[in-house]
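Colleague: Sequence plus predicted model, see below.
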Amino acid sequence: MNILFLVASYLLGSLPSGYVFFWISEKKDIRNFGSGSTGATNLFRLKGWKLALPALFIDVLKGVLPAYLAIRVLSDIQLAALSALLAVIGHCFPVYLKFRGGKGVATMMGAFAVLAFKPFLISLTIWLLIIGISRYVSLGSLLAAFSYPFLTLIFHNEKEIIYVSIALFLIVAIRHLGNINSLIKGKERKLGERKG
């Protein structure tokens, strides 16, 4: 049962909403444009909010559903944490797109909201503040992901959630290596900034 649940979490996470919305609109692969990501940020830069918002909602839901079902239906916090991890891995490395997907932030934040809500609210605030001040989505995402394990340690001290949230931060950081390099060089694109 648990193995099937974890597999289903990965398959759910693999659903490439940004890819699908862009394909419906343009009949092209979104990974060949912008940042090359299937996520909502790249979709927003390419097509605007009308497509990015529903894609963002679906990506968040991919993190919410497995963790919520594991906690509320199966009463298993360890399974919730592992299913959240696999949902994010699915988003980043989707089996449907030959393992080339998004950067995992929206799905990660959806999972965070279920696993430990108070730390999530603070991490979300950090994310919004950093983006609001700097307009760097990547920087806000990295700092939000980095803060969550520490906040969970302070407010909940659930070891399963802490370990998984550290793993999630590492995955998100790896997926953002190009952004980190651009930030260091001062070449990272800001939210709303047109290429070139």
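Modeller: Cool, got the structure.

Colleague: For residue 121, see how far away residue 77 is.
Modeller: Going from residue 77 to residue 121 by C-beta to C-beta, to the nearest Å gives 19 Å. In short, each C-beta sits where N, CA and C put it, glycine included.

Colleague: These two - which one has more neighbours?
Modeller: Regarding residue 77 and residue 121, a neighbour count based on other C-beta atoms under 10 Å identifies residue 77 as having more, with 16 against 13.

Colleague: right, and that one touches residue 163 too?
Modeller: No - contact criterion C-beta atoms under 8 Å: residue 77 and residue 163 do not qualify, at 11.7 Å.

Colleague: how about residue 124, what does it touch?
Modeller: Taking C-beta atoms under 8 Å, 6 or more residues apart in numbering as the criterion, residue 124 is in contact with 109, 144.

Colleague: tell me the SS of it?
Modeller: Here residue 124 takes the helix state, with states given by DSSP: H, G, I helix; E, B strand; the rest coil.

Colleague: Got the confidence number for it?
Modeller: The model reports residue 124 with a pLDDT of 96.

Colleague: Return the set of buried residues in the helix ranked longest in the chain.
Modeller: Longest helix in the chain, counting residues (DSSP state H): helix 49-72. Across helix 49-72, burial judged by 16 or more other C-beta atoms under 10 Å covers 51-52, 55-56, 58-71.

Colleague: Many thanks, I have nothing further to ask.
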